[in-house]
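S.K.: Return a 3D structure for these sequence lines:
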Amino acid sequence: MKYADNGVMLVMLLVLACYVISVAHAGATCGTAKVCVHPSEIRVKVGEVFEVHVNISDVSRLQGFDFMLKYNTAVLDCLALEEGAFLSSFGDTFVAKQEISDECGFGYGRVWLAVAILKEGYADGSGTLAVIRFNATAVGESVLDLYSDYPYKPDEVKLTTCSSQAISNVAEDGYIIVDFCSNDSNLPKDPVNSLSPDINQDRFINVLDLAMIACAYGSSNGNGNYDVAVDLDENGIVDIRDVAICAVMFGQTV
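M.R.: A predicted model of the protein is given here:
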């Protein structure tokens, strides 16, 4: 009877071990993938062309994806939408949808990309699903809203396995801030230099010219040491900017 009890116990332990292994395997293959805009936040200048990636991580047995990304057309103009290298590194791919629309309604544009691996291939791991190129057209801000449609899911995109099973995922948006360009016409500009660094007019820009600036250094218009001839940037103060103007041309003849 004792041996029988030991046999039953052994069978129960084996059944329990198989259950634990199967649960662990299911957890490893059915985890939640993440799809995100990278970088998650970007600050650019008006007129700047830049790229963002739609990346995926921790995915298993991915055969195809379908996502949409919405952006503010008052701030951004979408120039290009391309498939990333992730799926194609596991096999030949077919692009079912590749669309850029500037008229998604309410001042938004939208990109739509759907790609699948041909035959029986599938992808595991992490990589880039898409590369999107924008031009920053005006000062402002824009969310890069990553989602799926038909049906609409605001925080998820469509991922499928080779057996047409949906893959659970979380979609994370991006954010763009557009500032003034550094050469924008509305920004204040440095004074135009109309004076020659050849201050003593000997046709050589050398230490003699620098010495004349040094003699008046720190003076301002109205001060007894001030000399308009050495105020090369004509801002009413003789300072390091005047020295720099002369120093840049040091050794030249005029």
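
S.K.: Could you check how far stretch 41-52 is from the centre of its chain?
M.R.: Chain-centre distance of stretch 41-52: 7 Å, with CA atoms, centre = their mean, to the nearest Å.

S.K.: how many neighbours does Phe106 have?
M.R.: As a burial measure, Phe106 scores 7 neighbours (other CB atoms under 10 Å). (Each C-beta comes from the backbone N, C-alpha and C, glycine too.)

S.K.: wait, I meant Cys215
M.R.: For Cys215, the neighbour count with other CB under 10 Å is 12.

S.K.: Identify the residues contacting it.
M.R.: Each residue near Cys215 by CB atoms under 8 Å, 6 or more residues apart in numbering is listed here: 225, 227, 230.

S.K.: nearest to Ser219, of those?
M.R.: Closest to Ser219 out of those is Asn225 (3.9 Å), distances taken as CB to CB.

S.K.: most surrounded residue in the contacts of Cys215?
M.R.: The residue in those with the most neighbours, by other CB under 10 Å, is Val230 (25 neighbours).

S.K.: what's the pLDDT at that one?
M.R.: Val230 carries a pLDDT value of 90.

S.K.: of the contacts of Cys215, closest to Val143?
M.R.: The closest of those, once distances to Val143 are taken by CB to CB, is Val230, at 53.1 Å.

S.K.: give me phi/psi at that closest one?
M.R.: The phi/psi pair for Val230 (degrees, to the nearest 10) reads phi -100, psi 0.

S.K.: Quick check: it touching Ile199?
M.R.: Yes - judged on CB atoms under 8 Å, Val230 makes contact with Ile199 at a distance of 5.7 Å.

S.K.: Overlap in contacts, these two.
M.R.: Joint contacts of Val230 and Ile199 (CB under 8 Å, 6+ apart) are 212-213.

S.K.: For the stretch 1-150 of the chain, which residues score under the pLDDT cut-off?
M.R.: Scanning the stretch 1-150 of the chain for pLDDT under 70 picks out 1-31.

S.K.: now the helices for it?
M.R.: Along the stretch 1-150 of the chain, the stretches classed as helices by DSSP state H, counting those that start in this stretch are 2-29.

S.K.: ranges for the strands of it?
M.R.: Taking DSSP state E, counting those that start in this stretch, the strands of the stretch 1-150 of the chain run over residues 33-38, 41-45, 49-72, 76-83, 93-105, 108-117, 123-136, 140-147.

S.K.: what's the closest of those to Cys246?
M.R.: strand 41-45 (31.6 Å).

S.K.: just the angle between the closest one and strand 123-136, please?
M.R.: Taking axes from the mean of the first three to the mean of the last three CA atoms, to 10 degrees, one finds that strand 41-45 is oriented at 30 degrees with respect to strand 123-136.

S.K.: so what secondary structure elements neighbour strand 41-45?
M.R.: Judged by 3 or more CB pairs under 8 Å, 6 or more residues apart in numbering; DSSP states H and E, strand 41-45 is in contact with strand 49-72, strand 174-179.

S.K.: Dump the ones you listed into JSON lines; add mean neighbour count as well.
M.R.: Listed next are these as JSON lines, based on neighbours: other CB atoms under 10 Å:
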{"stretch": "strand 49-72", "mean neighbour count": "20"}
{"stretch": "strand 174-179", "mean neighbour count": "19"}
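
S.K.: Turn those into TSV, columns for distance to Ala244.
M.R.: Listed next are the helices and strands packed on strand 41-45 as TSV, based on distance: least, CB to CB, whole Å:
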stretch	distance to Ala244
strand 49-72	32
strand 174-179	27
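
S.K.: for those, which one sits closest to Ala130?
M.R.: The closest of these to Ala130 is strand 49-72. By CB to CB, the value is 4.2 Å.
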